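**Student:** Return a 3D structure for these sequence lines:
(one chain, ligands or ions: 1)
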Amino acid sequence: MKQPKDYLIFPLDVSTAKEAGRYVSLLRDSVGVFKVGLELFINAGPSIVHEIHKISTEARIFLDLKLHDIPETVYRAMQGIASLGVTYATVHCGESKKMLEAAVKGAGGKVHLLGVTVLTSVAKEDLRWAGYDASFTEDVTRLVLKKAEMAGKAGFAGVICSGHEAGQIKNTCGASFLAVTPGIRPIWDVPKGDDQARVMTPARAIQNGSDHLVIGRPIRDAKDPDRAARQILGEIEEVLKK
Ligand code: C5P
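**Tutor:** A predicted model of the protein is given here:
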């Protein structure tokens, strides 16, 4: 059965393997999935995946490199990712069906692919500025759903989306299509000047249908990160009981 910690994805948004290892040791009992993003991957290299597994054999790893390139390049990069032993990897939904299908082919069934729909830090004004059609800028959910459909049709396991869209994504793409949600802020910690434009609490996101929550700074920057993670698990446990 899915445990509260399985909902929790902690992004290792640090620049060295040593710092990452410190967080993995500290949080391995409260976090189900550790996310390796561009900062850590560029600084520590692919061996970081093995380093994390050495500390926690149980931890699942989410390689968040947000690929977006020509189909052949994405295919070859994804083959490399698949050989690393990670559970999840991201690709921008972008514009190309062929690129998404190339990612699925490269993953060879070894990695669950998640499509990046619209970054949760992106607001209406940003989409207007980028020249998107008014039907999308005035209704960001419409754009997210469009991108989720593209990913689903290509054979992706799910998408990254805000908690506001999770329910509708399930309705459109099916109940087993994963909704992975960043931009989560526990009620007790909404930082000032936060760059996440579409934020939500863990409880609300799960009620809305999110399968996994990416929660970084509220844990990473807490005085006691393990305590912060456990407090979030408590909030998740409460909502699962209802
Ligand atoms: O909780 P916090 O805002 O610190 O989480 C930031 C993490 O969420 C980063 O690793 C970032 O890459 C990731 N993320 C995001 N928005 C997305 C997808 C991932 O902020 N749409």
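**Student:** which SS class is residue 231?
**Tutor:** helix (DSSP: H, G, I helix; E, B strand; the rest coil).
**Student:** Skipping adjacent residues, who's closest to it in space?
**Tutor:** residue 186 (6.9 Å; C-beta to C-beta, 6 or more residues apart in numbering). Using the backbone N, CA and C atoms, a C-beta is placed for each residue, glycine as well.
**Student:** so what's that neighbour up against?
**Tutor:** Residue 186 makes contact with 201-202, 215, 218, 228, 231-232, 235 under the criterion C-beta atoms under 8 Å, 6 or more residues apart in numbering.
**Student:** Leaving out chain neighbours, which residue sits closest to residue 154?
**Tutor:** Residue 154 sits nearest to residue 100 (C-beta to C-beta, 6+ apart), 3.5 Å away.
**Student:** picking up where we left off before, which among the contacts of residue 186 count as buried?
**Tutor:** With burial judged by 16 or more other C-beta atoms under 10 Å, the buried subset of those is 201-202, 215, 218, 228, 231-232, 235.
**Student:** On the three-state scheme, the closest residue to residue 84 other than its chain neighbours is what?
**Tutor:** In space, and not counting its chain neighbours, residue 84 is closest to residue 49: 4.8 Å by C-beta to C-beta, 6+ apart. Per three-state DSSP, the secondary structure class of residue 49 is helix.
**Student:** Isn't residue 49 up against residue 85?
**Tutor:** Yes - contact criterion C-beta atoms under 8 Å: residue 49 and residue 85 qualify, at 6.3 Å.
**Student:** Those two: who's more crowded?
**Tutor:** Comparing residue 49 with residue 85 by neighbour count (other C-beta atoms under 10 Å), the higher total belongs to residue 49, at 19 against 13.
**Student:** measure that one to residue 111 for me?
**Tutor:** Using C-beta to C-beta, to the nearest Å, residue 49 is found at 12 Å from residue 111.
**Student:** Between these two, which contacts overlap?
**Tutor:** Residues touching both residue 49 and residue 111 (C-beta under 8 Å, 6+ apart) are 63, 86.
**Student:** May I ask you to name the longest strand in the chain?
**Tutor:** As assigned by DSSP state E, the longest strand anywhere in the chain is strand 60-67.
**Student:** burial count for residue 222?
**Tutor:** Residue 222, neighbours per other C-beta under 10 Å, totals 17.
**Student:** Can you tell me how far residue 52 is from the ligand?
**Tutor:** 15 Å (C-beta to the nearest ligand atom, to the nearest Å).
**Student:** returning to that earlier point: for the residue nearest to residue 231, pull up the helix or strand it's in.
**Tutor:** When elements are assigned from DSSP states H and E, residue 186 belongs to no helix and no strand.
**Student:** what's the pLDDT at it?
**Tutor:** We have a pLDDT of 88 for residue 186.
**Student:** Repeat that for the one 10 residues further on.
**Tutor:** Residue 196 carries a pLDDT value of 51.
**Student:** got it, and residue 163?
**Tutor:** Reported pLDDT for residue 163: 88.
**Student:** So what sits opposite residue 88 in the bridge?
**Tutor:** residue 62, residue 112 (DSSP bridges).
**Student:** picking that back up, so which of the contacts of residue 186 are also by the ligand?
**Tutor:** Near the ligand, judged by C-beta under 6 Å from any ligand atom, the entries from those are residue 215.
**Student:** returning to what we had before: so the residue nearest to residue 154 is in contact with residue 115, correct?
**Tutor:** Yes - counting by C-beta under 8 Å, residue 115 is a contact partner of residue 100 at 7.2 Å.
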